[in-house]
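**Q** here's my sequence, what's the structure:
(one chain, ligands or ions: 1)
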Amino acid sequence: MTTLETQSLTIRFGGHVAVDAVSCAFRPGELTAIVGPNGAGKTTYFNLISGQLRPSEGRILFDGADITRMTAPLRTRAGLGRAFQLTNLFPNLSVEENVRLAVQARSGTHYDMLRPWRTRRDLIDRADAILDSVALGSRRSVAATALSHGDQRKLEVALMMALEPKVYMFDEPTAGMSVDEVPVVLDLIARLKTDTSKLILLVEHKMDVVRSLADRIIVLHNGRLVADGKPAEVIASPIVQEAYLGIAPGKSAA
Ligand SMILES: Nc1ncnc2c1ncn2[C@@H]1O[C@H](COP(=O)(O)OP(=O)(O)OP(=O)(O)O)[C@@H](O)[C@H]1O
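**A** Numbers count the residues shown, from 1 in each chain. Below you'll find the predicted structure:
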């Protein structure tokens with residue numbers, strides 16, 4: 001069973017404590033939304049979990065192992081998946097080629113001159129299924145660099161899916177998308193949620209998105225974990241509405 005836990009996780013930048021002794025355990029089958037005002041430490045917390053940053057103090061446990069000092073690539077290999085903006089893309093290769101390469105990397109298959117890629121029906125089918133699930137089947141021949149912003153975000157999700165992670169980490173997955181592109185990504189995350197062995201973390205500002213997807217919400221403020229609970233409870237809590245989501249008491253959080 002996949003488990004992920006941070007214990008007293010802290011990072012300081014000079015004198016500024018961006019993430020301050022955050023202790024939190026995440027469970028499989030649960031989508032946890034991480035919310036809070038700008039500068040609260042949400043992305044920094046993500047960077048600590050995925051290994052882009054090393055904590056000043058505290059520990060990260062993943063499937064029972066202490067991964068605090070593990071490099072980001074090793075964390076990815078261990079099953080921590082994060083959608084990164086474009087960094088894992090080959091911009092001049094097509095959408096399909098990008099996804100196939102990610103599927104191939106996951107399968108551990110290396111380039112084999114005696115066995116052309118097209119003979120690997122299993123890998124091709126897997127790549128096709130992923131392309132369809134992110135609604136990029138019709139864009140498969142387009143160079144990654146030529147995609148619209150929304151389609152590039154979908155491709156990032158596709159590459160993460162190809163790696164079959166145990167943990168999916170989404171940092172504002174619909175940011176910058178047009179209104180008609182948003183539902184595809186939300187549907188996709190909702191479908192990922194149906195696999196109860198997976199654990200999903202979502203940093204999101206839009207409360208309607210949080211409300212529709214989250215099983216649990218944690219609130220960060222000034223780097224501290226200040227609320228943790230079921231969405232209805234956390235959203236309704238006056239202190240969160242007023243102080244952390246910037247909503248006057250009595251008004252809707254949407
Ligand atoms: N590499 C860094 N060096 C110095 N300060 C940093 C660094 N990364 C983040 N910070 C600071 O840490 C704090 C938390 O930033 P972070 O980006 O994690 O907030 P956030 O909650 O994700 O905000 P937003 O919702 O605006 O994306 C901010 O004050 C930010 O300026």
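**Q** now stretch 16-25: average pLDDT?
**A** In this model, stretch 16-25 has a mean pLDDT of 97.
**Q** actually stretch 45-65, not the one I wrote
**A** pLDDT averaged over stretch 45-65 gives 96.
**Q** okay, now the unreliable bits of the stretch 151-254 of the chain?
**A** Within the stretch 151-254 of the chain, the stretches with pLDDT under 70 are 239, 242-254.
**Q** make it 80
**A** Low-confidence segments of the stretch 151-254 of the chain (pLDDT under 80): 237-254.
**Q** what ranges do the strands span in it?
**A** 167-171, 199-203, 216-221, 224-229 (DSSP state E, counting those that start in this stretch).
**Q** sheet partners, orientation included, of the first one?
**A** What that stands for is strand 167-171. strand 80-82 (parallel), strand 199-203 (parallel) (DSSP bridges).
**Q** interface residues of the protein facing the ligand?
**A** Residues of the chain lying near the ligand by C-beta under 6 Å from any ligand atom: 13, 18, 36, 38-44. Quick note: C-beta positions are derived from backbone N, CA and C, even for glycine.
**Q** among those, which two are most distant?
**A** Phe13 and Gly36 (17.2 Å; C-beta to C-beta).
**Q** near Ser56, how many other residues are there?
**A** When counting by other C-beta atoms under 10 Å, one arrives at 14 neighbours for Ser56.
**Q** so how far is the ligand from it?
**A** According to C-beta to the nearest ligand atom, to the nearest Å, Ser56 and the ligand sit 12 Å apart.
**Q** might you report the residue contacts of that residue?
**A** By C-beta atoms under 8 Å, 6 or more residues apart in numbering, Ser56 lies in contact with 10-12.
**Q** list just the nearest of the residues of the chain next to the ligand to Val234.
**A** For these, the nearest to Val234 is Gly36 (11.1 Å; C-beta to C-beta).
**Q** are we agreed that Leu101 is in a strand?
**A** No: Leu101 sits outside any strand when classified using DSSP: H, G, I helix; E, B strand; the rest coil, being helix.
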